[in-house]
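In: got a sequence here, can you model it:
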Amino acid sequence: MTNESNLLNFSLDVESPVPLYSQLKICLEEKIVKNKLSKGTLIPPSREIAKRYNLSRQHVDRAINLLVGKRLLYRCRGRGTFISANAKRNYFLPTIKEEGSLSRVYFPLSDPNSYKSTHNPTKWYFTFRVMKGMNEEAMKNNCTLIPYDIFLLKEHLKNLSINPASMGVIFLGGKQPSELLSFLSRKGINTFFIIMEDTAKGENIYPDKPRIIISCYKVVCSGVSLLIKSGCRRIGLITSVHGFPEGERGYKDTLKKYNLKWDKKLIMPTEEDFSGGYLAMNTLLKKGPLDGVFICGDFMALGAMKRIKEAGMSIPEDIKIVSFDDIDEAAEADPPLTTIRIPFYEVGQKAFLYMNQIVHKGRRLNTKKALIKEELEPQLIIRKSCF
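Out: The predicted structure follows:
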């Protein structure tokens with residue numbers, strides 16, 4: 001199969017609320033990353049892409065301009081548009097360097113391929129953004145960022161003959177394997193934590209460790225509060241089937257705060273993707289009248305919006321929608337999606353910079369008096385899906 005057929009082997013959904021140019025950008029981006037196409041690969045001309053997908057040249061040019069802006073593609077006048085060397089640099093993080101690196105930081109993952117997989121788009125999105133922020137700061141500081149299987153990391157580090165004080169491990173999530181943490185402590189390897197929990201709970205997770213806290217509980221509370229303030233009284237929740245207790249608790253506590261009763265039938269766990277949101281909304285619409293839904297992820301929200309429109313209902317006139325993530329497609333949805341932006345990229349940047357300070361300045365920054373502790377606040381992005 002040729003590079004061209006690999007690159008254009010996808011379809012677009014004309015019924016989706018995601019604009020066609022945005023769908024095209026997403027599909028091209030995924031194909032470039034997934035197929036690891038080499039620098040200098042020529043992509044088909046805009047007119048051919050437009051003809052193949054029955055699009056206007058303006059749609060195609062807009063998608064390509066976005067990819068040029070992200071430095072995945074570059075143009076040569078009179079020759080065409082080509083895949084950039086930055087495609088690999090931006091999307092596939094550096095592999096392990098041999099000895100001689102100034103510093104290396106490990107990023108343990110339960111699924112080492114999750115940052116370059118669209119099987120779970122929500123997890124992919126925030127993991128990818130955190131890693132991209134860390135990686136760009138690592139490159140500036142001549143350091144190596146290494147995503148690694150959390151279950152294999154201990155054995156890997158046992159066999160390294162590098163000064164432990166020059167390395168660090170940045171964790172993303174809540175509780176981590178205690179055996180691994182004990183090993184890192186014994187070896188004198190620095191650790192940093194990105195904790196995605198309620199603030200109070202996050203304070204109690206590794207209270208003596210440097211950390212950044214992202215309160216998912218606050219995110220949901222602010223979204224549900226916005227729906228209530230916009231006049232909603234019967235509000236559904238579409239959440240992750242893989243478990244999101246902080247989100248469900250935020251939903252219930254906010255309804256209680258405004259003297260509204262929550263209905264178990266209106267809490268709908270589903271897969272964290274477009275199809276999951278579509279199917280969950282299909283079920284919710286059968287549970288009786290709704291006037292608002294908070295959805296735990298923009299990918300799910302786009303699917304839910306499609307189902308609402310298919311049912312002959314209007315957003316926000318009949319059902320108001322609020323979500324979180326603020327992916328690129330949220331602003332281009334029809335109507336534009338009200339969402340809560342969690343600064344994942346900035347989290348990654350800050351986490352690496354903090355770790356870099358700890359590694360280069362020693363454990364003075366880990367003392368109780370100088371312990372690094374920061375909570376990043378989400379940002380509410382109000383658009384037409386709620387007002």
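In: make it CA atoms for all contacts and neighbour counts henceforth
Out: Noted.
In: the bottom helix or strand of this protein by mean pLDDT?
Out: Of all helical and strand segments in the chain, the minimum by mean pLDDT, DSSP states H and E falls on helix 86-91, at a mean of 48.
In: other SSEs contacting the helix ranked longest in the chain?
Out: Using DSSP state H, we find that the single longest helix of the chain is helix 121-140. Under the contact criterion of 3 or more C-alpha pairs under 8 Å, 6 or more residues apart in numbering; DSSP states H and E, helix 121-140 touches strand 144-149, helix 298-310, helix 344-361.
In: ranking those by mean pLDDT, which is last?
Out: Mean pLDDT per stretch puts strand 144-149 lowest among these, at a mean of 82.
In: CA atoms of that strand as PDB?
Out: What follows is strand 144-149 as a C-alpha-only set of coordinates in PDB (Å, rounded to 0.1, in the frame of the first residue of the first chain):
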ATOM      1  CA  THR A 144      15.300  13.100  28.200                       C
ATOM      2  CA  LEU A 145      11.700  12.300  28.900                       C
ATOM      3  CA  ILE A 146      10.900   8.600  28.800                       C
ATOM      4  CA  PRO A 147       7.400   7.100  29.000                       C
ATOM      5  CA  TYR A 148       7.700   3.700  30.500                       C
ATOM      6  CA  ASP A 149       5.600   0.700  31.500                       C
END
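In: show me what it pairs with in its sheet, parallel or antiparallel.
Out: strand 104-109 (parallel) (DSSP bridges).
In: show residues contacting the strand it pairs with.
Out: By C-alpha atoms under 8 Å, 6 or more residues apart in numbering, the residues outside strand 104-109 that reach it are 143-150, 153, 166-172.
In: highest neighbour count among those residues?
Out: The most crowded member of the contacts of strand 104-109, judged by other C-alpha atoms under 10 Å, is Leu145 (28 neighbours).
In: quick check: closest non-adjacent residue to that one.
Out: Nearest residue to Leu145, sequence neighbours excluded (C-alpha to C-alpha, 6 or more residues apart in numbering): Val105, at 4.9 Å.
In: partners of that neighbour in the sheet?
Out: For Val105, the beta-bridge partners under DSSP bridges are Leu145, Gly168.
In: count of neighbours near the closest residue to Met167 other than its chain neighbours?
Out: Among residues not flanking Met167 along the chain, Arg104 sits closest, at 5.1 Å (C-alpha to C-alpha, 6+ apart). Residues near Arg104, counting by other C-alpha under 10 Å, number 21.
In: about what we covered before: nearest to Glu29 among the contacts of strand 104-109?
Out: For the contacts of strand 104-109, the minimum distance to Glu29 (C-alpha to C-alpha) is 21.1 Å, reached by Pro147.
In: quick one: the closest one from Glu136, how far?
Out: Using C-alpha to C-alpha, to the nearest Å, we find Pro147 at a distance of 14 Å from Glu136.
In: in three-state terms, label the most far-flung residue of the chain relative to its centre for me.
Out: Most distant from the centre of the chain: Gly78, at 37.3 Å, with distances by C-alpha atoms, centre = their mean. What DSSP: H, G, I helix; E, B strand; the rest coil gives for Gly78 is coil.
In: same question, Phe171
Out: Put simply, Phe171 is strand when judged by three-state DSSP.
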